[in-house]
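S.K.: no FASTA, just this:
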């Protein structure tokens, strides 16, 4: 994790390598402290950004059916965490907690209608939390403001420029939005292909004093945006994006500065490659074709031999935990294919339903540092796949590939599945097979 000066692109401070997957980051108002969410668990790690050293961990013990939505720093230095509990189909209970180590104190509680999707910005210094989502009750895009000690404040945000706010960023007070829009997609499109391979443009949207959102200007880009951030005052932003016409789909950091008259000044930075982040770092380890060749060899040979499977991919047993139950074993894996290792799991055990069979499965969650496995690259190695399957309840786009997934089935109940979701590159690779019980 590194702190970069947006004005100069200089790397100000850098932590030691973190052997765990960082899901989200929040920085204190004075830029001296940082919080990171480790994996999908409940551990928040705090860092002193003046030294780059870890200073402590906060454990948020969620209750049944609770999930963590946001975290940040209060102006008085406390660490705040927002959790959501869904006791009923049509409503949610939100709790704001002040955490210190393993101690948690509730500082706010609200009940609101249920959102189909929720997007939050980091908790603001006064403890205010802003939720953005599609309401099942009123319909349309809504903003819900949660202020400790007050009832929720709900506003309708049915503005076309904010339709993809899930990939956007929001300033303090939600006065400014930095969003990525895909102008090539028709309005109200049904979601899946053939509306594929869109390109993104970056847009600033103002909403002074909570009024009607108004576009302040577009950058006129042709890119694929992956992540965005915006300063508290809405004047400086950043996004990570890739060239849709490149062969390696290398992510690059871009700094956005607002100019008079609504013009956006955008500057590219090589900070990701200098930190050995992104796909530049993986090319010296393994190419997309080499990784696909290894996966294809496993699909033909089978994955019953755990050690052989892991050796083929350069992985080993490690990570947070290795756990078992009476019928199966699950192994968390680490690897050398990327700086921090792919998120991978290997399972072996008995199938749940008779006739009893031994079941083996392997899951590789690819990240921004992995080789880019496109649909065309997968087809070159694996051939033509089976029918596409698009699960229900997923966002409507934009889709980068002509397929949601590529599935290949072979003998002895073998299956290999590449899932693209909304990405240009495969997000997950899964293999499974069954064998008779000896």
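M.R.: Looks like it arrived, so ask away. Owing to the predicted nature of the structure, the values given are computational and were not obtained by experimental measurement. Numbers count the residues shown, from 1 in each chain.
S.K.: next one: residue 69 from residue 131, what distance?
M.R.: Look at residue 69 and residue 131: by C-beta to C-beta, to the nearest Å, they are 8 Å apart. To be clear about C-beta, it is placed using only N, CA and C from the backbone, and glycine gets the same treatment.
S.K.: please identify which of these two sits among more neighbours.
M.R.: Neighbours of residue 69 and residue 131, each counted by other C-beta atoms under 10 Å, are more numerous for residue 131; the result is 24 against 17.
S.K.: tell me the buried residues in the helix or strand hosting the more buried one?
M.R.: With elements delineated by DSSP states H and E, residue 131 resides in strand 129-134, which encompasses its position. Residues of strand 129-134 classed as buried under the neighbour-count rule (16 or more other C-beta atoms under 10 Å) are 129, 130, 131, 132, 133.
S.K.: and residue 173, that's in a strand?
M.R.: No - secondary structure assignment (DSSP: H, G, I helix; E, B strand; the rest coil) places residue 173 in helix, not in a strand.
S.K.: for the lengthiest helix in the chain, packing partners?
M.R.: Counting residues, the longest helix found in the chain (DSSP state H) is helix 288-301. When contacts are defined as 3 or more C-beta pairs under 8 Å, 6 or more residues apart in numbering; DSSP states H and E, helix 288-301 sits against helix 306-313, helix 375-382, strand 405-410, strand 414-419, strand 428-436.
S.K.: so the longest one versus strand 414-419, what angle?
M.R.: What it means is strand 428-436. Relative orientation of strand 428-436 versus strand 414-419 (axes from the mean of the first three to the mean of the last three C-alpha atoms, to 10 degrees): 170 degrees.
S.K.: likewise for the third one?
M.R.: Counting by the same axes, to 10 degrees, strand 405-410 points 170 degrees away from the direction of strand 414-419.
S.K.: then the second one?
M.R.: For the pair helix 375-382 and strand 414-419, the angle between their directions (the same axes, to 10 degrees) equals 160 degrees.
S.K.: which neighbouring elements make contact with helix 375-382?
M.R.: Packed on helix 375-382, when contacts are counted by 3+ C-beta pairs under 8 Å, 6+ apart, are helix 288-301, strand 405-410, strand 414-419.
S.K.: mind listing residues that contact the second one?
M.R.: When contacts are defined by C-beta atoms under 8 Å, 6 or more residues apart in numbering, strand 405-410 is touched by residues 299-300, 375, 378-379, 382-383, 385-389, 415-420.
S.K.: what mean pLDDT does the longest helix of the chain get?
M.R.: If you average the pLDDT over helix 288-301, you get 89.
S.K.: residues of that helix that come out buried?
M.R.: With the criterion 16+ other C-beta under 10 Å, helix 288-301 contains buried residues 288, 291, 292, 294, 295, 296, 298, 299.
S.K.: grab the nearest non-local neighbour of residue 293.
M.R.: Using C-beta to C-beta, 6 or more residues apart in numbering and skipping residues adjacent in sequence, the residue nearest residue 293 is residue 381, 6.4 Å away.
S.K.: just give the number of residues close to the one you found.
M.R.: 16.
S.K.: distance check, it against residue 300.
M.R.: Here the distance between residue 381 and residue 300 works out to 11 Å (C-beta to C-beta).
S.K.: strand 414-419 and the longest helix of the chain, what's the angle between them?
M.R.: For the pair helix 288-301 and strand 414-419, the angle between their directions (the same axes, to 10 degrees) equals 150 degrees.
S.K.: quick one: secondary structure of residue 426?
M.R.: The local conformation at residue 426, judged by three-state DSSP, is coil.
S.K.: that one contacts residue 378, correct?
M.R.: Yes - counting by C-beta atoms under 8 Å, residue 426 touches residue 378, with 7.0 Å between them.
S.K.: what touches both of those two?
M.R.: Common neighbours of residue 426 and residue 378 are listed as residue 418 (criterion: C-beta under 8 Å, 6+ apart).
S.K.: residue 294: what's it in contact with?
M.R.: The neighbourhood of residue 294, defined by C-beta under 8 Å, 6+ apart, consists of 286, 312, 313.
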